[in-house]
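Visitor: got a predicted model here, sequence first, then my questions.
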Amino acid sequence: MTVLLSRPLPSFPAIQHRRVTKSRPSIKTSVSCFNSKQSFKRDYTSVMIVPTGVGAAIGGYAGDALPVARALSSVVDCLITHPNVLNAAMLYWPMPNALYVEGFALDRFAQGVWALKPVHQNKVGLVLDCGIEEELRLRHLQVADAARASLGLPVVEYVVTETPLQVEKWIDPKSGQSTGRIKHPESLLRAVQALIKRSQVNAVAVVGRFPDDDFEDTDDYRQGMGIDLLAGVEAVISHLVVKEFQIPCAHAPALLPVPLSPSLCPKSAAEELGYTFLPCVLAGLSNAPQYLVKNSESEHGCILASDVDSVILPIDACAGPGALAFAQSKANKPLIIVVEENETVLDDTPDKVGIEAIKVSNYWEAIGVIAAHKAGVNPQSLRRNRISNLQCTSLLPTNGYAVQTASTNG
């Protein structure tokens, strides 16, 4: 109905001696531009994994898999992924239906040991390595204050470790992926324990002082060709905290600014915007799901591994604990999708590790497969000549003689 406000309302003759009564309150009806439809399907949940420190062509640099996560989150109801996918140093993109799950926790979730409990907000604590120089420490504290004041993030307190963590990093000569260790893990764990006890934090951001590389050591990475030398030991640090305390944790390295490069690859550029990689970590941890040991009492309102409908992986990174757990699931086995365009230094293809997977050329195709799967459509039916004639299963009675062996191929 169109109402023309410029046209005068018509006048009517007055009616004499009309009885006037109080009118009843009018009932207002709400008008919506969208037709609300009740859904009778459960939420579609997808897991996106890009392992850390393996030189992934997409997701092996500074948050360069984040566009994939953004696109995927618009198709699925719930996206579960990890910091290596969502973190982009100074950059971050909030997605209401994405869950920020640390890698070790994601493995335990896939194995059916832990459940994910979505939250509205966490109390985030910050651990700073006492090996960080005073000026660099101040930079990180200013970032935390900016996140609190400008974004309203619930960062409640920070603590400095008693002794330097002394981070060491190297490339594994067998696998080719980056890894490392911290010499004083007990110092980190004491600091986290203090935050939990004193401030009741339930999520922790860790900033460790990393050794500054020679320019030549990081040149390939800055050009979008090498391996992230920091990522492997970052995962070691967060795994340590999550395994011990079962709360969300993510790490941001503290480094001195690198010399300006005129030929920087866009995939690596997010790490050169400022003095710290902390903003994305604080944003992710602020509403990361809590980790609960799975049992009959804790499952209410939680997401379980059996709720996962599909898993997306790089083509040659299928041997991780989480990937294998999903692929070998006995009940409600999810659809495994591997992306050929996303290669890593690993060589763990579906054929070599013995798992069933749908191979796609790129993430465009992967998202299309997921859209079809969510709609209840066989993805193969969208391809040319991929549906063959229906086959008949033979029936074998207890005496071992076949009752029927006919085929419907005719």
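Guide: Yep, that arrived.
Visitor: what is the end-to-end distance of stretch 61-78?
Guide: Start-to-end span of stretch 61-78 (CA to CA, to the nearest Å) is 24 Å.
Visitor: quick check: the residue most central in space within the chain vs Thr349, distance?
Guide: Nearest to the geometric centre of the chain sits Thr81, at 2.1 Å (CA atoms, centre = their mean). Per CB to CB, to the nearest Å, Thr81 is found 22 Å from Thr349. Every C-beta, even on glycine, is put in place using the N, C-alpha and C of the backbone.
Visitor: over to Leu99?
Guide: Applying CB to CB, the value for Leu99 to Thr349 is 27 Å.
Visitor: ok, now Ala371?
Guide: 25 Å.
Visitor: so who does Ala57 touch?
Guide: Contacts here follow CB atoms under 8 Å, 6 or more residues apart in numbering; on that basis Ala57 touches Pro314, Glu341, Asn342, Glu343, Thr344.
Visitor: helices of the stretch 51-200 of the chain, start to end?
Guide: Secondary structure of the stretch 51-200 of the chain by DSSP state H, counting those that start in this stretch: the helices cover 66-73, 83-86, 103-110, 134-150, 185-199.
Visitor: now the fourth one: buried residues?
Guide: I take that to be helix 134-150. Leu136, Arg137, Arg139, His140, Leu141, Val143, Ala144, Ala147 (16 or more other CB atoms under 10 Å).
Visitor: can you redo those residues as CSV with distance to Cys318 and pLDDT?
Guide: Formatted as CSV, the buried residues of helix 134-150 follow (distance: CB to CB, whole Å; pLDDT from 0 to 100):
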residue, distance to Cys318, pLDDT
Leu136, 39, 95
Arg137, 41, 97
Arg139, 39, 96
His140, 37, 97
Leu141, 41, 97
Val143, 37, 96
Ala144, 38, 97
Ala147, 36, 96
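Visitor: sorry, back to before: tell me which of the helices of the stretch 51-200 of the chain lies nearest to Thr161.
Guide: helix 185-199 (4.6 Å; CB to CB).
Visitor: so the following helix or strand past that closest one versus helix 134-150, what angle?
Guide: Following helix 185-199 in sequence order, the next helix or strand is strand 203-209 (DSSP states H and E). Using axes from the mean of the first three to the mean of the last three CA atoms, to 10 degrees, the direction of strand 203-209 lies 150 degrees away from that of helix 134-150.
Visitor: can we start the residue count at 782 from this point?
Guide: With the count now opening at 782, the last piece we talked about shows up as strand 984-990.
Visitor: strand 984-990 pairs with which strands, parallel or anti?
Guide: Strand pairing for strand 984-990, determined by DSSP bridges: strand 905-909 (parallel), strand 1030-1035 (parallel).
Visitor: now do the first one, average pLDDT.
Guide: Average pLDDT, strand 905-909: 98.
Visitor: go through that strand and flag the buried ones.
Guide: Val905, Gly906, Leu907, Val908, Leu909.
Visitor: name the residues that touch it?
Guide: Under CB under 8 Å, 6+ apart, the answer for strand 905-909 is 918, 921-922, 925, 934-942, 969, 972-973, 976-977, 980, 982, 984-988, 1035, 1063, 1066-1067.
Visitor: then the longest one?
Guide: Residues external to strand 1030-1035 that are found in contact with it (CB under 8 Å, 6+ apart): 864, 868, 881, 883, 909-910, 913, 917-918, 921, 948, 973, 984-991, 1011, 1015-1016, 1018-1019, 1022-1023, 1057-1059, 1061-1062, 1065-1066.
Visitor: from the contact counts, what lies against the following helix or strand past that strand?
Guide: Counting by DSSP H and E, the next helix or strand C-terminal to strand 1030-1035 is helix 1059-1067. Contacts defined by 3 or more CB pairs under 8 Å, 6 or more residues apart in numbering; DSSP states H and E place helix 1059-1067 against helix 864-867, strand 905-909, helix 915-931, strand 984-990, strand 1030-1035.
Visitor: nearest to Cys1173, out of those?
Guide: Taking CB to CB, helix 864-867 is the member of these nearest to Cys1173, at 43.9 Å.
Visitor: average pLDDT for the closest one, rounded please.
Guide: 97.
Visitor: how about it: buried residues?
Guide: Pro864, Asn865, Val866, Leu867.
Visitor: one more: stretch 1029-1040?
Guide: Residues of stretch 1029-1040 classed as buried: Pro1029, Cys1030, Ala1031, His1032, Ala1033, Pro1034, Ala1035, Leu1036 (neighbour count, 16+ other CB under 10 Å).
Visitor: the fourth one bridge partners, please.
Guide: Put plainly, it is His1032. Here His1032 sits in beta bridges with Val987, going by DSSP bridges.
Visitor: pLDDT at it, what is it?
Guide: 97.
Visitor: hang on, the earlier thing: neighbour count winner among Leu880 and Thr1130?
Guide: Leu880 (23 against 18; other CB atoms under 10 Å).
Visitor: and the strands in the protein?
Guide: Using DSSP state E, the strands of the chain run over 826-829, 859-862, 879-881, 895-898, 905-909, 936-941, 948-952, 959-963, 984-990, 1030-1035, 1071-1074, 1089-1095, 1116-1120, 1139-1141.
Visitor: and the ones you listed as CSV, adding distance to Ala1147?
Guide: Formatted as CSV, those follow (distance: least, CB to CB, whole Å):
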stretch, distance to Ala1147
strand 826-829, 9
strand 859-862, 13
strand 879-881, 16
strand 895-898, 22
strand 905-909, 32
strand 936-941, 35
strand 948-952, 29
strand 959-963, 25
strand 984-990, 30
strand 1030-1035, 25
strand 1071-1074, 27
strand 1089-1095, 5
strand 1116-1120, 5
strand 1139-1141, 5
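Visitor: right, and the ones you listed - which one's nearest Asp888?
Guide: Each of the strands of the chain has some distance to Asp888 by CB to CB; the shortest is strand 895-898, at 9.0 Å.
Visitor: what comes up buried for that closest one?
Guide: Trp895, Ala896, Leu897.
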